[in-house]
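Novice: Structure for the following, please:
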Amino acid sequence: MAATMELRCWGGDWGLPSVHTESLIVLAYAKFSGATITVTPIDWTWKTLTGTVPELVYQGSTITEPAQILNFLRKQQRFNADYELSARQGADTMAYIALLEEKLRPALLHTFWVDAENYANLTRPWFASRSPFPLNFLVPGRHANTALSRILLTKGESPLHTITEVEGKIYSEAKECLNLLSHRLGTAYYFFGNTPCSLDAFVFGFVAPLHKASLPSSPLQSHLRQLDNLQRFCDHILNAHFSSHPDG
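Specialist: Here you go, the predicted structure:
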């Protein structure tokens, strides 16, 4: 009997199998590729060996980071959702994933962790309620500080040095990124052909929380509301691949 692969990740809510982008990417790819994994919700990261999620555990080895986990599933376990892609489509996949990281991630971090209204009314209460005392006081703040530092490190170049100065730039770039994704997707269910691949997993991981969260304040969510095909894309993946367990 083959050894079981265990995926430790943040739990689900808002109609999503996980509220966490990286966890959603791996969960979606596992569904797309047919990988059989045991999902263990970890609602505070001190319980994982590395202190980060998602974390794939297999035969005593631990793999973290979505790209490394997907690579392990493809090469070591032969669960490959990209086997039908051409070389050009493979290159496009890498380019779009880089675009998501550079243009969309900073705005998502700001939306959920830096925007004061969203943090106070949605993000902080959610993560605090799923962490035991005294970690419920520490986990949200740690994530918020990490998010702010990452935004300023990647986007705070001269002459933009403060988060207020950076804010306009990151939201403008994020909206442009969503527009490009919407244009590329068009009327299709998936980005390449009739079956989902790793790019679909990444886009789903980035966009689905923005689509489903009840955010009190979000210009980026308002922009997504105008892109019907990206919203249908997220809903289709949830219905087609996660309908039996809509929120973890």
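Novice: Tell me how far residue 185 lies from residue 230.
Specialist: Noted for residue 185: a distance of 7 Å to residue 230, by CB to CB, to the nearest Å. Just so you know, the C-beta spots here come from the backbone N, C-alpha and C atoms, and that holds for glycine as well.
Novice: Looking at those two, which is more packed in?
Specialist: The neighbour comparison of residue 185 against residue 230 (other CB atoms under 10 Å) goes to residue 230, with 22 against 18.
Novice: pretty sure the more buried one contacts residue 180?
Specialist: No. Residue 230 lies out of contact with residue 180 (CB atoms under 8 Å); the separation is 10.8 Å.
Novice: So residue 85 versus residue 226, what's the distance?
Specialist: The gap separating residue 85 from residue 226 is 30 Å, by CB to CB.
Novice: For residue 94, grab the count of nearby residues.
Specialist: By other CB under 10 Å, the residues close to residue 94 number 11.
Novice: Please apply the same query to residue 130.
Specialist: Burial of residue 130, expressed as a neighbour count using other CB under 10 Å, amounts to 18.
Novice: Can you report phi and psi for it?
Specialist: phi -110, psi 20 (degrees, to the nearest 10).
Novice: And whichever helix in the chain runs longest, what does it pack against?
Specialist: Assignment by DSSP state H gives helix 163-185 as the longest helix of the chain. Helix 163-185 is packed against helix 87-99, helix 105-109, helix 135-155, helix 198-212, helix 219-224, helix 228-241, with contacts defined by 3 or more CB pairs under 8 Å, 6 or more residues apart in numbering; DSSP states H and E.
Novice: Buried residues, the last one. List them.
Specialist: If you call a residue buried by 16 or more other CB atoms under 10 Å, then helix 228-241 has these buried ones: 230, 231, 233, 234, 237, 238, 241.
Novice: mind listing what the last one touches?
Specialist: So the one you mean is residue 241. 28, 31, 32, 196 (CB atoms under 8 Å, 6 or more residues apart in numbering).
Novice: For the helix or strand harbouring the third one, give me every contacting residue.
Specialist: Secondary-structure element containing residue 32, defined by DSSP states H and E: helix 21-33. Residues outside helix 21-33 that contact it (CB under 8 Å, 6+ apart): 7, 9-10, 16-18, 35, 37, 39, 53-54, 56, 65-66, 69-70, 73-74, 79-81, 105, 108, 195-198, 200-202, 204-206, 208-209, 237, 241-242.
Novice: Output the longest helix of the chain as PDB - backbone C-alpha positions only.
Specialist: Taking Å, rounded to 0.1, in the frame of the first residue of the first chain, the C-alpha atoms of helix 163-185 are listed here in PDB:
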ATOM      1  CA  ILE A 163       2.600  52.400   2.900                       C
ATOM      2  CA  THR A 164       0.300  55.300   2.000                       C
ATOM      3  CA  GLU A 165       2.500  56.300  -0.900                       C
ATOM      4  CA  VAL A 166       2.800  52.700  -2.100                       C
ATOM      5  CA  GLU A 167      -1.000  52.000  -1.800                       C
ATOM      6  CA  GLY A 168      -2.000  53.700  -5.100                       C
ATOM      7  CA  LYS A 169       0.600  52.000  -7.100                       C
ATOM      8  CA  ILE A 170      -0.100  48.400  -5.800                       C
ATOM      9  CA  TYR A 171      -3.800  48.700  -6.400                       C
ATOM     10  CA  SER A 172      -3.300  50.100  -9.900                       C
ATOM     11  CA  GLU A 173      -1.000  47.200 -10.800                       C
ATOM     12  CA  ALA A 174      -3.300  44.600  -9.300                       C
ATOM     13  CA  LYS A 175      -6.300  45.900 -11.300                       C
ATOM     14  CA  GLU A 176      -4.200  45.800 -14.400                       C
ATOM     15  CA  CYS A 177      -3.200  42.200 -13.500                       C
ATOM     16  CA  LEU A 178      -6.800  41.200 -13.100                       C
ATOM     17  CA  ASN A 179      -7.700  42.800 -16.400                       C
ATOM     18  CA  LEU A 180      -4.900  40.800 -18.200                       C
ATOM     19  CA  LEU A 181      -6.100  37.500 -16.600                       C
ATOM     20  CA  SER A 182      -9.700  38.300 -17.600                       C
ATOM     21  CA  HIS A 183      -8.700  39.000 -21.100                       C
ATOM     22  CA  ARG A 184      -6.600  35.800 -21.400                       C
ATOM     23  CA  LEU A 185      -9.400  33.600 -19.900                       C
END
